[in-house]
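Q: would you be able to build a 3D model of this:
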Amino acid sequence: MNTHESQPKLKLEQYLGIQIKRQRQAQELKLADVARIAGISQGMLSKIENAQVSTSLENLSRLCDVLGMPMSKLFSQYDQPGSSAILVKRDEGLEVVRRGTEKGHTYHLLNHTRGPKKSFEAYMVSMDDASEEFPTFSHPGTEFLHLLEGELVYRHGNQLYHMQAGDSLTFDADVPHGPEKLVSVPIRLLSIMNYAQSEA
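A: Residues are numbered from 1 along each chain as shown. Prediction:
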């Protein structure tokens, strides 16, 4: 896995377009509405978002005003080095076995941060044995699950959650949790465990 190869950097127009589109969508604003309030054509805004044009600072300033975003924020991350990002290609995650897991239950670690300060772990969990019984897990922090494929019942404490593909579940990981029943296999589940502690 070539994690140290330098990746091509986004052109400034691409970066700005992505930032503006992301901010607009986060606020659930329509392209036409933002363009109208900013005093630019809908076609021009579309071209800006899709990096088909280099626009003026005046247009960018108007868009930032409409989106409630400081101009400095728009540019703030463009020149930051990207060396702290880790790209893990499909099926190249480190395969690990979690304590208590048996056949038909594999975890692929998707982030392999270096050093002792690990704030989160992301796993792709595959389960294909519907008859398997699972232990419950308990660990510090918060866990986020997103079911990509299949159907299952997930236990958190004394609550059961019926999850179908596309569903997400976020919970306090101190409380015992784990799959209760695999309704439809194969199952692919994205699991992100956040261990970040509040600064004392």
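
Q: count of neighbours near the closest residue to residue 155 other than its chain neighbours?
A: Nearest non-adjacent residue to residue 155, counting by C-beta to C-beta, 6 or more residues apart in numbering: residue 180, 4.2 Å away. Any C-beta I mention is one placed from the backbone N, CA and C, and that applies to glycine too. Residue 180 has 17 neighbours, counted by other C-beta atoms under 10 Å.

Q: quick one: residue 180 is in a strand?
A: Yes. Applying DSSP: H, G, I helix; E, B strand; the rest coil, one finds residue 180 inside a strand.

Q: just the C-alphas of stretch 37-47, formatted as CSV.
A: The C-alpha coordinates for stretch 37-47 follow below in CSV (Å, rounded to 0.1, in the frame of the first residue of the first chain):
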residue,chain,number,x,y,z
ILE,A,37,-29.4,36.5,-3.1
ALA,A,38,-25.8,36.8,-4.1
GLY,A,39,-26.7,38.6,-7.2
ILE,A,40,-25.1,36.2,-9.7
SER,A,41,-26.6,33.9,-12.3
GLN,A,42,-27.6,30.4,-11.4
GLY,A,43,-25.4,29.2,-14.3
MET,A,44,-22.4,31.1,-12.9
LEU,A,45,-22.9,29.6,-9.4
SER,A,46,-23.2,26.1,-11.0
LYS,A,47,-19.9,26.7,-12.8
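
Q: next, the buried residues of that stretch.
A: Going by neighbour count (16 or more other C-beta atoms under 10 Å), the buried part of stretch 37-47 is 38, 40, 45, 46, 47.

Q: now swap in stretch 156-164 and tell me
A: Across stretch 156-164, burial judged by 16+ other C-beta under 10 Å covers 156, 163.

Q: picking up where we left off before, wait, isn't the residue nearest to residue 155 in contact with residue 160?
A: Yes. Counting by C-beta atoms under 8 Å, residue 160 is a contact partner of residue 180 at 5.9 Å.

Q: re earlier: closest one of the buried residues of stretch 37-47 to residue 61?
A: For the buried residues of stretch 37-47, the residue nearest residue 61 by C-beta to C-beta is residue 38; the value is 9.3 Å.

Q: tell me how far that closest one lies from residue 171.
A: Applying C-beta to C-beta, to the nearest Å, the value for residue 38 to residue 171 is 41 Å.

Q: okay, and the common contacts of residue 180 and residue 160?
A: Counting by C-beta atoms under 8 Å, 6 or more residues apart in numbering, the common neighbours of residue 180 and residue 160 are 153, 154.

Q: what's near enough to touch residue 48?
A: 13, 16, 17, 20, 55, 59, 63.

Q: confirm the first one sits in a helix?
A: Right, residue 13. Yes. Counting by three-state DSSP, one finds residue 13 located in a helix.

Q: returning to that earlier point: can you list the contacts of residue 48 in a markdown table and add distance to residue 190?
A: Below are the contacts of residue 48 laid out as a markdown table (distance: C-beta to C-beta, whole Å):
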| residue | distance to residue 190 |
| --- | --- |
| 13 | 32 |
| 16 | 30 |
| 17 | 27 |
| 20 | 28 |
| 55 | 36 |
| 59 | 38 |
| 63 | 33 |
